[in-house]
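In: One predicted model, sequence on top.
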Amino acid sequence: MTEREAQPAARLEEQRARWRERYQASGERNADFTTISGEEVPPLAAPGDAPERDLADSVGFPGEFPYTRGIYPTMYRGRPWTIRQFSGFGNVHETNARYRYLIAQGGGGLSVAFDMPTLMGRDSDDPRSRGEVGHCGVAVDSVADMEVLFDGLPLDKLTTSMTISGPAPMLFAMYVVAAERQGAEVSKLDGTLQTDILKEYIAQKEWLFPPEPHLRLIGDLLEYCAAEVPKYHPISVSGYHIREAGSTAAQELAFTLADGFAYIELAKRRGLDPDVVGAQLSFFFDAHIDFFEEIGKFRAARRIWARWMRDRYGITNPKAQQLKFHTQTAGVSLTAQQPDNNVVRTALEALSAVLGGTQSLHTNALDEVFALPTERAAAIALRTQQVIAEETGVTSTIDPLGGSWYVERMTDLQEWRAEEIFATIDQFGNGSMLAGVLAGIERGWFQQQMADAAFAYQQQLEKGAKVIVGVNKYVTSDEHELEILRISEEVERQQRAELARRRAARRDGEVAAALDRLRRAAGSDDNLIPLLIDAARVEATEGEMVGALTEVWGTYTEPPRF
């Protein structure tokens, strides 16, 4: 460094020393200066905080490795993120009407919310489904429901995301058959299936079988889509549910990417090309309320994924190194108290996702803490994204917070924390992330980590160190009653009656033969996806397909953790 170059650096350090002295003399207000995850926040970020940072290696440029600033060279100057509002309630007729409304109002893609029986692989007439049909999403029992769900919505022109994991291959089979019946070319379908069974064992608990059979089904799906539906994303590796279960931002980041690495190893175990499979994976993150922590998390996710794909797995395909992700604003940040405040929370969370470079986004409605959203609440959630996209100017320049000393510091911190967690998981698996994730599940380690984080945050809330407006501060007692969407019991009666009519109208011999072929193949190495599609074509129900496989594979009970 020349003397001339040294002078500004020396002056800057002198200024920083003077500021620090005056800051200490002035004192801080009595407040908690940590992130929602408990990370210490510095009073000021400055250019000298990370003098060793190699900007070319760690920050770079959009569309270039390591993709910290975005996976596309033009990002939102080329095309905006996809507005993909998560929706589903009651029966398929009601949900189809909501989809048509959202698309007509400017939505860019579909995202299907299924009810609890469907998520658990149960038909609507299963005794265990009673009282739950259509309540937290839409009821889908067979391909006939799938046809109505997407009636008038061309599946070869719209991208569709389906948020379901345990019975995801069965719903995928129905989706393929529904597309065929629309006249769509299946090889051209583009969309996303969640499928991520590892996060079910970690967080959401909606599994059907033991881990290995589930992983076998996922391997079958990866293999089938690579050959038959190459544009389709057969796994959306999901951190959202991990964060909603109480994890910190770094835990969400690390557990999610570890699952992604595990699926890469699963693909290699199946003899699939990781350069192909890596490009098929997508991710799903939570946008929580701590604004800068979330932006750092999103930027760190891209950088970590790119480096691990290249350095750990030898993947050279740039598309496989690029982490593509959908974001949903945090459901756990919504409050029943002063629910109008949820509009503000959602807007800020959505903005963090956009500034973090998301590829698609769902904004929660203000009333989702009570029930599925009303049309009015869904419209406000949709308009929130449109205001960000059209009015704020944040899409005019790429990664506008890149180079912010605090944002870069937070990005680095999230990466460091994630790498510490990876080291532990890797140790569990003796050098295999797939084995490490499975070992962590069996030991209850993931659950314990999330429980500890959730407990620590709850303690801060109860002490008042962390504030939720309207809950533990600025509380009022004159709240008005909110009009919410209520699902009538008639929905369940109609769904069960319709399912009975379908069962009576189909050819039982064809259904029994299709299920028998599926049952026999479950004990072999045959790819099961074509057999599931065959079963869907003859109107076998989701519950019947799941039941056939359960006869061979059994069920799973989570090991207790005390």
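Out: Thanks, I have the structure now.
In: in the stretch 201-350 of the chain, which spans are helices?
Out: Ranges of helices within the stretch 201-350 of the chain are 211-228, 240-244, 249-269, 274-280, 291-307, 318-321, 341-355, based on DSSP state H, counting those that start in this stretch.
In: Now mean pLDDT, distance to Asp190 and mean neighbour count too, for the ones you listed, in CSV please.
Out: Placement of C-beta: from N, CA and C, glycine included. Formatted as CSV, those follow (pLDDT from 0 to 100; distance: least, C-beta to C-beta, whole Å; neighbours: other C-beta atoms under 10 Å):
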stretch, mean pLDDT, distance to Asp190, mean neighbour count
helix 211-228, 96, 11, 20
helix 240-244, 97, 21, 26
helix 249-269, 98, 20, 25
helix 274-280, 95, 11, 21
helix 291-307, 98, 21, 25
helix 318-321, 97, 14, 19
helix 341-355, 98, 21, 21
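In: Of all those, which one comes closest to Pro373?
Out: helix 341-355 (10.8 Å; C-beta to C-beta).
In: What distance do you get for Val138 to Gly88?
Out: With the distance defined as C-beta to C-beta, to the nearest Å, Val138 ends up 4 Å from Gly88.
In: If you could redo that for Ala505, that was the one I meant.
Out: 25 Å.
In: And for Arg11?
Out: Counting by C-beta to C-beta, the separation of Arg11 from Gly88 is 60 Å.
In: count of neighbours near Asp526?
Out: Residues lying near Asp526 (other C-beta atoms under 10 Å) number 14.
In: Just the local confidence number for it, please.
Out: We have a pLDDT of 96 for Asp526.
In: cool, and Glu544?
Out: 98.
In: List the residues that contact the spatially closest residue to it that is not a sequence neighbour.
Out: Spatial nearest neighbour of Glu544, chain neighbours left out: Leu515 (5.9 Å); criterion: C-beta to C-beta, 6 or more residues apart in numbering. Neighbouring residues of Leu515 by C-beta atoms under 8 Å, 6 or more residues apart in numbering: Ala535, Ala540, Glu544, Met545, Ala548.
In: got any ranges where the protein has weak pLDDT?
Out: Within the chain, the segments meeting pLDDT under 70 span 1-6, 562.
In: what about Val177, which helix or strand?
Out: Remark: Val177 resides in helix 168-182, with elements defined by DSSP states H and E.
In: list the helices and strands that helix packs on?
Out: helix 143-149, strand 160-163, strand 191-193, helix 211-228, helix 529-537, helix 542-553 (3 or more C-beta pairs under 8 Å, 6 or more residues apart in numbering; DSSP states H and E).
In: ok, residues contacting the second one?
Out: Applying C-beta under 8 Å, 6+ apart, the set of residues contacting strand 160-163 from outside is 84, 86, 109-114, 150, 168, 171-172, 175, 191-194, 236, 326, 360.
In: can you do 7 Å?
Out: For strand 160-163, contacts defined as C-beta atoms under 7 Å, 6 or more residues apart in numbering pick out 84, 86, 109-113, 171, 175, 191-194, 326.
In: And Ser161, how far from Leu222?
Out: 17 Å.
In: follow-up on the earlier one: neighbour-wise, which of Arg11 and Gly88 wins?
Out: Taking other C-beta under 10 Å, Arg11 and Gly88 do not tie; Gly88 has more neighbours (26 against 10).
In: List the strands paired with the strand or helix carrying Ala113, with their directions.
Out: In this structure, Ala113 sits in strand 110-113 according to DSSP H and E. Sheet neighbours of strand 110-113, with direction, are listed as strand 86-87 (parallel), strand 160-163 (parallel) (DSSP bridges).
In: okay if I get those strands as TSV plus mean neighbour count?
Out: Output for those, formatted as TSV (neighbours: other C-beta atoms under 10 Å):
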stretch	mean neighbour count
strand 86-87	22
strand 160-163	23
